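# sequence and predicted structure, then a few things I'm wondering about:
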Amino acid sequence: MRSMAILLMSGLFAVHADAKPLRVSIVQALTSGEWNSEIRFGAEAAAGQFTPPVRIRAVGPENIDPPRQANIFMQETRTGPDALIINNVAGPVFEQPVGEAEASGSKVVWINSAPTAASYNDFFVSADPYDAGRKAVGIIAAALEKRLGKPAASVTGEIVVGSCIPGLKVLENRVLGTRDALATELPNARILPTLQTSPERSRSFAIWSQAIRKTPDALAYLDACEPGQANIAQIVNEDHLKAVTVAYDAPEEIRAGIKNGTVLAAVPASFFLQSYLAVHYTAQAINDDRPMPRGWLKIAPPVIDPSNIDAFITAWSAPETGLLAFYKPQIDAVLAKGVEASLVSTVNYDNPPK
């Protein structure tokens, strides 16, 4: 019996030792900036939890270029990865490439923005931009109540909301959530028509400079796009304006703005969380020979504000390990709940509640 047990244990060890690591390719929307780094750090943190570790490969265009990203996706499919994760900004360009990838046996997972209806049954991991917009307004309303000494419903004045790429769903949902919440929480404020800004930093700065000169006494300025968020923070700080702002991303300039009080808070998309959970549940399903999760794993938008900005800045000083430590409580809460209990229909992303 002892000899048989040793043989069985040796056999199990041999199978484990010979197991090939899974290969997961992440097709980025862009390979420059913190988006790319944060996604890669989250994916690699999740990959390291498996034995053998999952092999992560990140590819993509240098700047946002959906047709080029789709072409890179097709090239990556030919390398035969176990799974491909798409940082999605333009789902329609992926419809045919995704069909070909899944036909070849690779799993396809989406992060950041929902796929088209043809891929609603794929696994999709993302924060909810509509919820982020509503949460940002809650922060603004509380700050205005405190500063003005009156209920938010009684506050009057102008609020300027901008967005840089018409038709991009993640941005449209941020704006929709923001405008819906402003209408209910600050009903007597005048919400100006959505300002068309720009994804290009200097162009966005010029647009915001002009808009702020026209509305110097506005209650708040918001932009769904990262360049605009940083420009608002810069202008408000340099011109010593009383207006408040909340960001939907948390790059270094926004972190500094929260620290110095120019920016009330950030409600970021949490790319670290998205990629961590996408890799974790994908690798788990493949390793356990189980079906992939289907639908949207909706992440609650975190709030970065004065209460945790020091910890967040520290996390970014050594992001490979620091971001995992910062987000671990939220990761543990999602894992404890279980993926099936957390999934909702992806159609909800494209049709947020009113």
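That came through, no problem. Numbers count the residues shown, from 1 in each chain.

# the stretch 1-150 of the chain: helices as residue ranges?
2-18, 33-47, 66-77, 95-103, 129-148 (DSSP state H, counting those that start in this stretch).

# weakest of the ones you listed in terms of mean pLDDT?
With a mean of 39, helix 2-18 has the lowest mean pLDDT of those.

# one step back: can you put the helices of the stretch 1-150 of the chain in JSON lines and add distance to residue 180 and mean neighbour count?
In this view, the C-beta of every residue, glycine as well, is placed from N, C-alpha and C. Below are the helices of the stretch 1-150 of the chain laid out as JSON lines (distance: least, CB to CB, whole Å; neighbours: other CB atoms under 10 Å):
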{"stretch": "helix 2-18", "distance to residue 180": "52", "mean neighbour count": "9"}
{"stretch": "helix 33-47", "distance to residue 180": "26", "mean neighbour count": "22"}
{"stretch": "helix 66-77", "distance to residue 180": "28", "mean neighbour count": "18"}
{"stretch": "helix 95-103", "distance to residue 180": "30", "mean neighbour count": "16"}
{"stretch": "helix 129-148", "distance to residue 180": "7", "mean neighbour count": "21"}
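
# mind putting those in TSV, distance to residue 317 included?
Output for these, formatted as TSV (distance: least, CB to CB, whole Å):
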stretch	distance to residue 317
helix 2-18	37
helix 33-47	13
helix 66-77	30
helix 95-103	37
helix 129-148	25
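
# which one of those lies closest to residue 239?
helix 129-148 (17.5 Å; CB to CB).

# show residues contacting the closest one.
Residues outside helix 129-148 that contact it (CB atoms under 8 Å, 6 or more residues apart in numbering): 151-152, 155, 170-171, 173-182, 185-186, 219-220, 222, 242, 244-246, 248, 264-265, 267-269, 300-301, 303, 305, 352-353.

# then stretch 101-110?
Residues outside stretch 101-110 that contact it (CB under 8 Å, 6+ apart): 73, 77, 80-86, 88, 91, 98, 119, 122-126, 278, 282, 285-286, 292.

# can I get it as PDB, trimmed to CA atoms?
C-alpha atoms of stretch 101-110 as PDB (Å, rounded to 0.1, in the frame of the first residue of the first chain):
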ATOM      1  CA  ALA A 101     -10.800  33.400 -32.600                       C
ATOM      2  CA  GLU A 102     -13.500  31.500 -30.900                       C
ATOM      3  CA  ALA A 103     -13.800  29.100 -33.800                       C
ATOM      4  CA  SER A 104     -10.100  28.400 -33.400                       C
ATOM      5  CA  GLY A 105     -10.600  27.400 -29.800                       C
ATOM      6  CA  SER A 106      -9.400  30.500 -28.000                       C
ATOM      7  CA  LYS A 107     -11.600  32.000 -25.200                       C
ATOM      8  CA  VAL A 108     -12.400  35.700 -25.700                       C
ATOM      9  CA  VAL A 109     -12.900  38.100 -22.800                       C
ATOM     10  CA  TRP A 110     -13.800  41.800 -22.800                       C
END
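
# list the buried residues of that stretch.
Going by neighbour count (16 or more other CB atoms under 10 Å), the buried part of stretch 101-110 is 101, 106, 107, 108, 109, 110.

# what's the farthest-apart pair in those?
106 and 110 (13.4 Å).

# tell me the secondary structure at residue 298.
Look at residue 298: counting by DSSP: H, G, I helix; E, B strand; the rest coil, its state is strand.

# hang on, the earlier thing: mind giving me the PyMOL select for the contacts of helix 129-148, buried ones only?
Buried residues within the contacts of helix 129-148, by 16+ other CB under 10 Å, are selected in PyMOL with:
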select buried, resi 152+155+170+171+173+174+175+176+177+178+179+180+181+182+185+186+219+220+222+244+245+246+248+264+265+267+268+269+301+303+305+352
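
# which stretches of this structure form strands?
For the chain, the strands defined by DSSP state E occupy 23-27, 55-59, 83-87, 107-111, 123-127, 157-163, 189-191, 195-196, 220-223, 246-247, 265-266, 295-299, 343-344.

# of those strands, which is nearest residue 212?
Minimum separation from residue 212 across the strands of the chain (CB to CB) falls at strand 220-223, 6.7 Å.

# got a list of contacts for that closest one?
136, 140, 144, 159-164, 178, 195, 197, 204, 208, 211-212, 229, 231-232, 236, 243-246.
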